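Give me the fold of what follows.
(2 chains)
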Amino acid sequence: LAKTTQPISMDSYEGQEVNITCSHNNIATNDYITWYQQFPSQGPRFIIQGYKTKVTNEVASLFIPADRKSSTLSLPRVSLSDTAVYYCLNPGTASKLTFGTGTRLQVTL
Amino acid sequence: DTGVSQDPRHKITKRGQNVTFRCDPISEHNRLYWYRQTLGQGPEFLTYFQNEAQLEKSRLLSDRFSAERPKGSFSTLEIQRTEQGDSAMYLCASTPAVGSSYEQYFGPGTRLTVT
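Numbers count the residues shown, from 1 in each chain, chains lettered A, B, ... in the order given. Have a look, this model is predicted:
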C-alpha cells in the first residue's frame, strides 16, 4: 500500500512556478517528508526534506500544513532542465527509501 | 556527478547467464543501498549494508541474487541464471550513518537487458 499519493503528470511553461502536491494521510509521527528528482537514465537526486511548516533551499520550497497529511513542493520559475520525475517520500526510522511512481513534470517553451 | 560510481553502465546478457555489477560509494559513507527500477516505476529497495554487514534484504531479492560488501568499501550485486524479468536499471546509493537527513547519493545505475 503506497504511503504517498501524487499526480501522475504535470505540464508547465518555462518561467512559471510549479507546485506539486503530495498526499500522505497516514504519515507517522516520526516520518519526514522528502522529495527526490530523477532525470532520464540517471539515479534520483535529493531535493529537499522537511517535518513541518516551510523549508526552503536553493532549489525548491516545501510547504507542510499543520496536520502534515499533505505537502507541496514548489519550484520557482522552472526551466526546460527541470523536466523530470519528482518523488514524494515519507521515510521513517527505516533507512530504505520507498518510491512510488512519482510525478512526471514536462516543461515546455 | 554524486561521487557514487557504478560499473558497467550497460549490460546485455542472454537468459540463464550470470552477471555481476559493481558499486563504489562515496568513500566516507558507511551505508550502501541497492535498488532496482523498471520502466515507468520508481526505484524499489533490494538490500542495504552498514559497513560490511548486510542488514536488510527485500523479498524482491530472490535466491538468485546475492550482494556483498567486503571490507565495507565497494559492493557487488550478482544475479545468477538471469531471467527476462530481471531486465531493469540497478541503482546503488550511499549515505553516511543515519542522522536526521534522508539524503541518499545515487549512482548513475547499471541498465541490464536480458535477451
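
give me the beta-bridge partners of residue B:65?
Using DSSP bridges, the bridge partners assigned to residue B:65 are residue B:79.

Can you name the residues of chain B sitting close to chain A?
Residues of chain B lying close to chain A (CB under 8 Å from any CB of the partner chain) are B:2, B:4, B:31, B:33, B:35, B:40-45, B:48, B:56, B:91-93, B:95, B:98, B:100-109, B:111. In this view, the C-beta of every residue, glycine as well, is placed from N, C-alpha and C.

try 7 Å this time
B:31, B:33, B:41-43, B:45, B:48, B:56, B:91, B:93, B:98, B:101-104, B:106-109 (CB under 7 Å from any CB of the partner chain).

Can you flag the buried ones in the residues you listed?
B:31, B:33, B:42-43, B:45, B:48, B:91, B:93, B:102, B:104, B:106-109 (16 or more other CB atoms under 10 Å in any protein chain shown).

just those residues: which has the poorest pLDDT?
pLDDT is lowest at residue B:102 among those; the value there is 81.

That one falls within a helix, correct?
No - applying DSSP: H, G, I helix; E, B strand; the rest coil, one finds residue B:102 to be coil, outside a helix.

where exactly do the strands run in the chain?
Assuming you mean chain A. Using DSSP state E, the strands of chain A run over residues A:9-13, A:18-23, A:33-38, A:45-50, A:53-56, A:61-64, A:70-75, A:84-89, A:103-108.

Wait, chain B was what I had in mind.
Under DSSP E, chain B gives strands at B:5-7, B:10-13, B:19-24, B:31-37, B:44-50, B:53-57, B:65-68, B:75-79, B:88-95, B:105-106, B:110-114.

any idea how far residue B:52 is from residue B:31?
12 Å (CB to CB, to the nearest Å).

residues in chain A within reach of chain B, list them.
Checking chain A against chain B by CB under 7 Å from any CB, the hits are A:32, A:34, A:42-46, A:49, A:87, A:91, A:95-102.

follow-up on the earlier one: reformat the strands of chain A as CSV; add distance to residue B:16.
Output for the strands of chain A, formatted as CSV (distance: least, CB to CB, whole Å):
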stretch, distance to residue B:16
strand A:9-13, 38
strand A:18-23, 42
strand A:33-38, 31
strand A:45-50, 35
strand A:53-56, 49
strand A:61-64, 47
strand A:70-75, 44
strand A:84-89, 33
strand A:103-108, 35
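
Same list (these) but as a markdown table, adding mean pLDDT and mean neighbour count.
Compiled in a markdown table, those are given as follows (pLDDT from 0 to 100; neighbours: other CB atoms under 10 Å in any protein chain shown):
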| stretch | mean pLDDT | mean neighbour count |
| --- | --- | --- |
| strand A:9-13 | 97 | 13 |
| strand A:18-23 | 96 | 18 |
| strand A:33-38 | 95 | 24 |
| strand A:45-50 | 94 | 19 |
| strand A:53-56 | 94 | 13 |
| strand A:61-64 | 97 | 19 |
| strand A:70-75 | 96 | 21 |
| strand A:84-89 | 96 | 24 |
| strand A:103-108 | 97 | 16 |
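
If anything else comes up later, I'll come back, but that's it for now.
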